[in-house]
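Colleague: kindly return the folded structure for what I paste below:
(one chain, ligands or ions: 1)
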Amino acid sequence: MENNKKKVLIKVQNLKQYFPIKKSFGQKERLYVRANDDVTLDIYEGETLGLVGESGCGKSTLGRTLLQLYSQTDGRTMYYGRDIDEIAPGYVEDILKNLVSRKQTLQGLRDKEDSARKAYEALPDGDEKYAALEQLHTAEKSARDAFLDIVQLIGGFYTVDDLTPISDILLKEYKQGVEYQKLKRKINEEQISLDGTKSTLKEKGKSKDQIEATTASAKNRISKLESELKVIESQLTTIRSGIYELMKKHKSNTDFDKYEVYRDKGINLARLTAEEMRFLRKDLQLIFQDPYSSLNPRMTVGQIISEGLLAHKYFDKNDEKLQEYVLNIMEKCGLAPYFIHRYPHQFSGGQRQRIGIARSLALKPKFVVCDEAVSALDVSIQSQIINLLLDLKEEENLTYLFISHDLSVIKYISDRVGVMYLGNIVELATTEEIFAHPTHPYTEALLSAIPTTDVDTKKETIILEGDIPSPIKPPSGCKFHTRCRYATDICKKVVPEFEEARPGHFVACHHKLM
Ligand SMILES: Nc1ncnc2c1ncn2[C@@H]1O[C@H](COP(=O)(O)OP(=O)(O)OP(=O)(O)O)[C@@H](O)[C@H]1O
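Modeller: Have a look, this model is predicted:
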């Protein structure tokens, strides 16, 4: 299977995004809009994943939740664009510190899972059994999450009876790692500010010697920091060889290798603090539908593109390289150099979208959510922007989540397509496969509504009966059953598993159209 060889950039597991609704007077139960309800999905590096579905099904919410613009209600969103060591998030320290108690908690969750399974198996078919199945799924999920939290960080060490020494040495490595990253950032900041000072002095007409003399103390500071970095580096090497020794000692434990495969350098975005997430913001960008409302009308194009570059300390504001860089990005995005001093209102919709794209891409992101990025544009301009996005994706090795209600745009731009219905992804496959063999009745109905110019093919348009149900109290079982022409009793009661129906083709339906 082609996708198996590709690197996963984002791995979403059981993601939920619920928006609480204000309680009305006398209302006992807390109600939520279940905008995303248990989404599981891999996004591969370098692909464009299209996301379609009727208005209100949760596409924008999913895009924004992946970027952590909303803090997700539940589930894991693993990001593999950087190593966990580079960010050293606080949650890692918490897990490493409490390895012993966490393993005990996990055992408790496993016991609960076993009881839930026994209760489910003992019941005769019927409503009670369906309810017990839901409880079993919840128990399984809690145990799996707790397990993954631990083994992601310690792998095969999970098999060691006394985790205290493991906890100590891994915590030491973590703490030195944090110091290392802090120093590296400090050096980078000092260097950027030094470049800015040099540019200012040059502009003032200072000679090379004068510049050297004025910046000598800053250079000294940098070289001092660099020696400190070397010391930490060698301490880290010593700690890591200690870890390696421990690994050799325990490698013969039964199941060591089985757990070692879980060791994983991914970052759980859902567990990052706002500060940690701010650092990653440059990697994870959003291109909006309405370019005008997202551009500050009081800033020139140059200022708009530079803003993020300065905030993320790519350049000092006085550095001559900044303008060069901005002009280069503008050229890539099809914006003439003399636009740099103009304001957003002086541009057409298509040009404004180019500015929005340039602003996002200037930060060299790895993952970009394009939320209805071309929907507000004329058709001829739409294709220009789509082609620009595709060219940039090739040049910069970007990964896109492309959200659109327009199936012809999705078909043109996407490598794979996910179909959403009422908060869930109900079908996911390569673009060719999904358009040739829609396997979920909802996808079948969506695709049948695409207008065609081919007068010879008599295609039946499937009219979806009824309105989209409320995401506050969605239908039981398969949420689509109220509008599905193939629905039977099981669809009303049991949530269908999202499973691989054909290689790389995932569907959640009891009556797949095979
Ligand atoms: N911030 C919020 N607070 C409360 N409810 C929200 C919020 N954002 C979205 N919703 C609700 O979540 C559901 C999903 O909305 P979302 O905008 O993600 O859908 P969509 O598929 O992107 O729709 P569209 O194509 O119309 O943009 C809707 O019922 C919406 O009303």
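Colleague: who touches Leu401 in this structure?
Modeller: The contact partners of Leu401, by Cβ atoms under 8 Å, 6 or more residues apart in numbering, come to Ile43, Leu49, Leu51, Leu62, Gly63, Leu66, Phe367, Val368, Val369, Cys370. All C-beta spots, glycine's among them, are computed from the backbone N, C-alpha and C.
Colleague: apply 7 Å and report the result again.
Modeller: Taking Cβ atoms under 7 Å, 6 or more residues apart in numbering, we find Leu401 in contact with Ile43, Leu49, Leu51, Gly63, Leu66, Val369.
Colleague: mind checking which of those are in strands?
Modeller: The members of the contacts of Leu401 that map onto strands under DSSP state E are Ile43, Leu49, Leu51, Val369.
Colleague: check contacts around the first one.
Modeller: Read it as Ile43. Leu9, Ile10, Leu49, Thr399, Leu401.
Colleague: rerun that using 6 Å as the cut-off
Modeller: By Cβ atoms under 6 Å, 6 or more residues apart in numbering, the contact list for Ile43 reads Leu9, Ile10, Leu49.
Colleague: next: the third one.
Modeller: Contacts here follow Cβ under 6 Å, 6+ apart; on that basis Leu51 touches Lys59, Ile403, Gly418.
Colleague: save those residues as TSV, and put in secondary structure too.
Modeller: Shown next, in TSV, are the contacts of Leu51 (DSSP: H, G, I helix; E, B strand; the rest coil):
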residue	secondary structure
Lys59	helix
Ile403	strand
Gly418	strand
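Colleague: nearest spatial neighbour of Ile154, skipping sequence neighbours?
Modeller: The shortest distance from Ile154 to any residue other than its chain neighbours is 6.3 Å, reached at Ile166 (Cβ to Cβ, 6 or more residues apart in numbering).
Colleague: hang on, the one you found is in a helix, isn't it?
Modeller: Yes. Applying three-state DSSP, one finds Ile166 inside a helix.
Colleague: need the strands for this structure, in chain order.
Modeller: For the chain, applying DSSP E gives strands covering 8-20, 32-44, 48-52, 74-79, 267-268, 284-287, 367-371, 399-403, 416-421, 424-430, 499-502, 505-507.
Colleague: check the contacts of Leu51 against the ligand, which are close?
Modeller: Contacts with the ligand are made by Lys59 out of the contacts of Leu51, judged by Cβ under 6 Å from any ligand atom.
Colleague: and the longest helix for the chain?
Modeller: helix 208-250 (DSSP state H).
Colleague: quick one: Lys282 from the ligand, how far?
Modeller: The spacing between Lys282 and the ligand, counted by Cβ to the nearest ligand atom, to the nearest Å, is 24 Å.
Colleague: can you give me phi and psi for the closest residue to that residue other than its chain neighbours?
Modeller: Leaving aside its sequence neighbours, Lys282 sits nearest to Leu363 (Cβ to Cβ, 6+ apart; 4.2 Å). Here is the backbone geometry of Leu363 (degrees, to the nearest 10): phi -80, psi 0.
Colleague: before we move on, back to that, put together a markdown table for the contacts of Ile43, with pLDDT, distance to the ligand and neighbour count on each row.
Modeller: A markdown table is the format used below for the contacts of Ile43 (pLDDT from 0 to 100; distance: Cβ to the nearest ligand atom, whole Å; neighbours: other Cβ atoms under 10 Å):
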| residue | pLDDT | distance to the ligand | neighbour count |
| --- | --- | --- | --- |
| Leu9 | 97 | 22 | 21 |
| Ile10 | 97 | 18 | 24 |
| Leu49 | 98 | 15 | 23 |
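Colleague: I'd like those as CSV, with distance to Leu272 appended.
Modeller: Below are those laid out as CSV (distance: Cβ to Cβ, whole Å):
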residue, distance to Leu272
Leu9, 16
Ile10, 14
Leu49, 22
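Colleague: related to what we said a few turns ago, ok, which of the strands of the chain comes nearest Arg352?
Modeller: Arg352 lies closest to strand 284-287 among the strands of the chain, at 11.5 Å (Cβ to Cβ).
Colleague: helices or strands next to the closest one in the packing?
Modeller: When contacts are defined as 3 or more Cβ pairs under 6 Å, 6 or more residues apart in numbering; DSSP states H and E, strand 284-287 packs onto helix 349-361, strand 367-371.
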